[in-house]
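Enquirer: Compute the structure for the input listed below.
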Amino acid sequence: MARKTTESEHLSRAPMAYLTDFAHFEGVTQMWTRPVQACLRWQAEMLKAAEPLATGWFERQLDATYFALEKIEKLAHCGDLGEAIEIQREWFEVAGKRLTTELEKLSEQATSLSREAVSATRDAMQPMSEAAPKQRRSAEEMKTDAAA
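Expert: All right, here's what the predicted structure looks like:
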């Protein structure tokens, strides 16, 4: 049975004691930090998965820009209408092929990124108690491998 405190007992406790005793905040802190940690892990995994995709896209765009500049330079120096038409035809033909290739790559990358998102979500939502033993186990395995 709970004991009822008297007014004098209640007043004898320092008013700042509740604010300086952080023991009762521990559960609340964990409740707020776990979702944030899961979100940060998910974002890190997604950025890691998206990096090669973005790099490939930037390289292809850089190649396309150099190709376009080359064709513009040829058009600027060309004096014949037939040659200008041929340069423009080649430019449009390569641009059409590049668009088809980009759409194929985008489809492949979307599928790959979707798989990575599922995996990253699964890893991010893994409880901290499960993640810690795996990390400890891998560290112990590395020590035994180094010793061998």
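Enquirer: where in the chain is pLDDT low?
Expert: The chain contains residues with pLDDT under 70 at 1-28, 124, 127-148.
Enquirer: Tell me which stretches of it form helices.
Expert: Shown for the chain, the helices assigned by DSSP state H span residues 7-12, 17-20, 26-77, 81-124, 128-147.
Enquirer: want to throw the ones you listed into TSV with mean neighbour count?
Expert: Any C-beta I mention is one placed from the backbone N, CA and C, and that applies to glycine too. Shown next, in TSV, are these (neighbours: other CB atoms under 10 Å):
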stretch	mean neighbour count
helix 7-12	8
helix 17-20	8
helix 26-77	12
helix 81-124	13
helix 128-147	9
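Enquirer: Can you give the contact residues for stretch 63-83?
Expert: Ala84, Ile87, Gln88, Glu90, Trp91, Val94, Ala95, Arg98 (CB atoms under 8 Å, 6 or more residues apart in numbering).
Enquirer: Can you add distance to Gln126 and give those residues back as JSON lines?
Expert: As requested, the contacts of stretch 63-83 are exported to JSON lines (distance: CB to CB, whole Å):
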{"residue": "Ala84", "distance to Gln126": "61"}
{"residue": "Ile87", "distance to Gln126": "57"}
{"residue": "Gln88", "distance to Gln126": "56"}
{"residue": "Glu90", "distance to Gln126": "53"}
{"residue": "Trp91", "distance to Gln126": "51"}
{"residue": "Val94", "distance to Gln126": "47"}
{"residue": "Ala95", "distance to Gln126": "45"}
{"residue": "Arg98", "distance to Gln126": "41"}
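Enquirer: Show me which pair in the residues you listed is furthest apart.
Expert: Taking every pair in these and measuring CB to CB, the maximum separation is 21.0 Å, between Ala84 and Arg98.
Enquirer: Report the contact partners of Trp91.
Expert: Trp91 sits next to Phe67, Ala68, Lys71 when contact means CB under 8 Å, 6+ apart.
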